[in-house]
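> sharing a model that was predicted from the sequence below.
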Amino acid sequence: MDNMKDPLLAQFSEPPLKKRGFTEQLRLSIASEIIRLQRSERSHNKKRVWLHVWSGAALVLLAVIYYSFPAPESIQEQLDVVSLNQAAPIEQIEEPIAYTVQSGLLLGTRYETNQDPLDHTYRTLWIAPEHGSVAVKQEGEGLLVPYRLDFWKLDDLDSREGEQIVAWQLTKFMDILETEMPLAVQPDRLSERISFVGQQYVVIERTHDGETASWMTTLSAIADHAPVPVSLTEVVDDPGIPQEEIYAISIHRAKGSWSIHAETAADEKKLRLNQKAVSFDRQCADWTEIQQLESQAVDALCSPTEDWIAVIVPAAIRIYPVDNGIIPQRIHSIPLHPGERVVMAEWATGDYVEKWNDWTNRLLP
Amino acid sequence: MNFDYLKFIDSDTDKKQILDDLMMAYGNDVWNYAFLICRNADLADDITQDTFLKAYKSLLTFRGQSSVKTWLLAIARNTAFDYRKSSFFRRVTLVDYVTQHKTHPSAETEAMETIVSSELWGQVMKLPVKLRESLILYAHHQLKMKEIAQLLGLSEGTVKSRIFKARNKLLQMAEEREHFG
């Protein structure tokens, strides 16, 4: 087969699209990411060098101490002396509990503004490692949603008629930052609120004339001002109900996991969301253990690396370290507004923690 | 641009400069290939970015077992299929309980017709991915049969067969357009 002699195949020498696909902006975005990788590599190498230097210095110091001072009695010798003398009991020294925090949580919440059920405020908290513990490193209004290699913003647009949920992609390319909320407004205003955000999926509850309906849609559909619903089979494995029989859905969160309730004429079925909608939704402890720790616990979020857990009580988020089980020493507490509830929980582990530190620093305040 | 020297680089080499050169030389090829697999420009951006980042991380492991272009396209292919497995492609169903909704034709079809450079490319996008891939690697990316077989993990005979089928399918589609408009 000779490409050049075949007139049909020869037409494919032209590129597929009218406009060039690999743009200068994309190239710059990749180049910026490479610079970030290089910095991370250099920093890692420096730490390794310092580790070797300090290890060497520590060894030298130990050697100096060992040869400079008389050898201490062995512990066994000490115990023998004590048992012989039957003197004061051996002092028990309580060692501080050591733990390592490696993961970060991008938490999205919703609460009623001014106790008005039709007026909501959304906020995002970036809770991440700091000085060996966790802290709220960034906080901002609206919901900052990580999806694939990018971040989106979800918020509500207020007007005299009510609230409308809008979405926009923040950082298509490094050099372009779309911080302005889109201005499009539907003529027939309805009141909308967000109940759930997971990966690209969003559950919106819409209220009109006292009637409320919920459905699940996607970030890009909302951004296109056409938030059509997705099929339940996208987010639930084997729902066991034909789509056409479902006349209502609602999203719930209880005891640390999400579920979606599908109503038919005869029944209401509770279904578990799959990984397309919720990337991580497991607990690192039984609910009983969590309640023993915090008797007023209503929810809990456990890190995928099982290094810390956020237990939610009515007025606060209480954070505990985890190391083969919850360590009952609270390391942080974050106050919540009355009625504030979780609508989004996205975890970052490994390299993504540092990346999200940078991005939330740029995108949240 | 000649990249034969990649077989001999070590950890002291300026990898960023190499990546810049690779993007200049093959950025379009990688993006076009990603687009041809996933048929979505935004996703093609992400796959392209992922591809070059992976290439950067594995530069030291490249030993010339294939051409640099084939190597990059193989990374792009694996990345694109990883995205497909994670169900990026969504289907939308309209249900009655939403009080306001719009009827959309397939958004993908609508978008595709407006962005492709020719009717023929539009037809290629409708081919099954197995046929589409083989045809485009041969006809657009100008890879040799052996390189295509290596990239796709197939025999050269299977590659030739797929290109032949793809070509015939395109001719058939062209005839149908003539008859039915």
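On my side now, so go ahead.
> wait, residue A:123 touches residue A:106, no?
No. Residue A:123 lies out of contact with residue A:106 (C-beta atoms under 8 Å); the separation is 11.4 Å. The way it works is simple: take the backbone N, C-alpha and C, and place the C-beta from them, glycine included.
> which one of the two has more residues nearby?
More crowded of residue A:123 and residue A:106, by other C-beta atoms under 10 Å in any protein chain shown: residue A:106, with 24 against 18.
> from chain B, how far out is the more buried one?
19 Å (C-beta to the nearest C-beta, to the nearest Å).
> okay, and the beta partners of that residue?
Beta-bridge pairing for residue A:106 (DSSP bridges): residue A:126, residue A:346.
> my guess is it meets residue A:346, correct?
Yes. With contact defined as C-beta under 8 Å, residue A:106 counts as touching residue A:346 (4.5 Å).
> so what sits against both of the two?
Shared between the contact lists of residue A:106 and residue A:346 (criterion: C-beta atoms under 8 Å, 6 or more residues apart in numbering or on different chains) are residues residue A:146.
> which stretches of the stretch 151-300 of chain A form strands?
Ranges of strands within the stretch 151-300 of chain A are A:162-169, A:191-198, A:201-208, A:211-218, A:248-254, A:257-263, A:268-272, A:299-302, based on DSSP state E, counting those that start in this stretch.
> I'd like to know how many residues surround the nearest residue to residue A:156 once chain neighbours are set aside.
Leaving aside its sequence neighbours, residue A:156 sits nearest to residue A:163 (C-beta to C-beta, 6 or more residues apart in numbering or on different chains; 4.2 Å). Counted with other C-beta under 10 Å, the neighbours of residue A:163 add up to 20.
> any idea how far the spatially closest residue to residue A:237 that is not a sequence neighbour lies from residue A:259?
Leaving aside its chain neighbours, residue A:237 sits nearest to residue A:274 (4.9 Å; criterion: C-beta to C-beta, 6+ apart). Note on residue A:274: its distance to residue A:259, by C-beta to C-beta, to the nearest Å, is 12 Å.
> please apply the same query to residue A:109.
Counting by C-beta to C-beta, the gap from residue A:109 to residue A:259 is 19 Å.
> among these two, which residue is more densely surrounded?
Between residue A:109 and residue A:259, counted using other C-beta under 10 Å, the more crowded position is residue A:109 (20 against 17).
> now do the same contact list for that one.
Listed by C-beta under 8 Å, 6+ apart, the contact set of residue A:109 reads A:122-125, A:336, A:340-344.
> and which of the residues you listed is nearest residue B:63?
The closest of the contacts of residue A:109 to residue B:63 turns out to be residue A:344 (C-beta to C-beta; 44.6 Å).
> hang on, residue B:81 packs against residue B:38?
No. Residue B:81 is beyond contact range of residue B:38, at 9.3 Å (criterion: C-beta under 8 Å).
> neighbour-wise, which of the two wins?
residue B:38 (21 against 14).
> measure that one to chain A for me?
Taking C-beta to the nearest C-beta, one finds residue B:38 at 12 Å from chain A.
> pLDDT at that residue, what is it?
We have a pLDDT of 83 for residue B:38.
> taking the contacts of residue A:109, tell me the two that lie furthest apart.
Using C-beta to C-beta, these reach their maximum pairwise distance at A:336 and A:344, which is 14.6 Å.
> quick one, what contacts residue 126?
Unless you meant another one, I'm taking chain A. Counted by C-beta under 8 Å, 6+ apart, residue A:126 has contacts A:104-107, A:136-139, A:356-357, A:360, A:364.
> not what I meant, chain B
Taking C-beta under 8 Å, 6+ apart, one finds residue B:173 in contact with residue B:126.
> related to what we said a few turns ago, generate a markdown table for the strands of the stretch 151-300 of chain A, with mean pLDDT and distance to residue B:43 as supplementary columns.
What follows is the strands of the stretch 151-300 of chain A, written out as a markdown table (pLDDT from 0 to 100; distance: least, C-beta to C-beta, whole Å):
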| stretch | mean pLDDT | distance to residue B:43 |
| --- | --- | --- |
| strand A:162-169 | 78 | 13 |
| strand A:191-198 | 90 | 19 |
| strand A:201-208 | 87 | 17 |
| strand A:211-218 | 85 | 14 |
| strand A:248-254 | 87 | 27 |
| strand A:257-263 | 89 | 26 |
| strand A:268-272 | 88 | 27 |
| strand A:299-302 | 94 | 30 |
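> and these: which comes nearest residue B:179?
Judged by C-beta to C-beta, the one of the strands of the stretch 151-300 of chain A that comes nearest to residue B:179 is strand A:211-218, at 38.8 Å.
> any part of that closest one near chain B?
Yes. Counting by C-beta under 8 Å from any C-beta of the partner chain, chain B is contacted by strand A:211-218 at A:213, A:215, A:218.
> could you pull up phi and psi at the closest residue to chain B within the stretch 201-350 of chain A?
Proximity of the stretch 201-350 of chain A to chain B (C-beta to the nearest C-beta) peaks at residue A:231, 4.2 Å away. Main-chain torsions, residue A:231, degrees, to the nearest 10: phi -70, psi 140.
> what do you get for the one 10 residues further on?
When quoted as degrees, to the nearest 10, the phi and psi of residue A:241 stand at phi -130, psi 130.
> equivalent analysis for residue A:121, please.
phi -120, psi 140.
> now do the contacts for it.
Residue A:121 touches A:110-113, A:141, A:337, counting by C-beta under 8 Å, 6+ apart.
> relative to residue A:37, which of these is nearest.
The closest of the contacts of residue A:121 to residue A:37 turns out to be residue A:141 (C-beta to C-beta; 31.3 Å).
> that closest one pairs with what?
residue A:123.
> for stretch B:147-158, which outside residues touch it?
Residues contacting stretch B:147-158 (C-beta under 8 Å, 6+ apart): B:66-67, B:70, B:73-74, B:77, B:133-134, B:137-138, B:143, B:145-146, B:159, B:162.
> from those residues, which single one is nearest chain A?
Relative to chain A, the closest of the contacts of stretch B:147-158 is residue B:138; by C-beta to the nearest C-beta it sits at 6.5 Å.
> can I get the helix or strand where residue B:120 lies in CSV? Just the C-alpha atoms.
Using DSSP states H and E, residue B:120 maps to helix B:119-124. Written as CSV, here are the backbone C-alpha positions of helix B:119-124 (Å, rounded to 0.1, in the frame of the first residue of the first chain):
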residue,chain,number,x,y,z
GLU,B,119,-15.8,16.3,5.1
LEU,B,120,-13.4,13.4,4.7
TRP,B,121,-12.0,14.0,8.2
GLY,B,122,-15.5,14.2,9.5
GLN,B,123,-16.2,10.7,8.0
VAL,B,124,-13.0,9.3,9.5
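> what's the first helix or strand after that helix?
Beyond helix B:119-124 toward the C-terminal end (DSSP H and E), the next one is helix B:129-139.
> is that next one in proximity to chain A?
Yes. Using C-beta under 8 Å from any C-beta, helix B:129-139 reaches chain A at B:135-136, B:138-139.
> can I get the very next helix or strand once past that helix as PDB, trimmed to CA atoms?
Next along the chain after helix B:129-139, taking DSSP H and E as the criterion, comes helix B:145-152. Provided in PDB are the C-alpha atoms of helix B:145-152 (Å, rounded to 0.1, in the frame of the first residue of the first chain):
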ATOM      1  CA  MET B 145       3.600  -0.700   8.900                       C
ATOM      2  CA  LYS B 146       6.100  -2.200  11.300                       C
ATOM      3  CA  GLU B 147       5.900   0.900  13.600                       C
ATOM      4  CA  ILE B 148       2.100   0.900  13.600                       C
ATOM      5  CA  ALA B 149       2.100  -2.800  14.400                       C
ATOM      6  CA  GLN B 150       4.500  -2.200  17.300                       C
ATOM      7  CA  LEU B 151       2.500   0.700  18.600                       C
ATOM      8  CA  LEU B 152      -0.800  -1.100  18.500                       C
END
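> tell me what angle helix B:145-152 forms with helix B:129-139.
140 degrees (axes from the mean of the first three to the mean of the last three C-alpha atoms, to 10 degrees).
> quick check: chain neighbours aside, which residue is closest to residue A:119?
Leaving aside its sequence neighbours, residue A:119 sits nearest to residue A:113 (C-beta to C-beta, 6+ apart; 4.5 Å).
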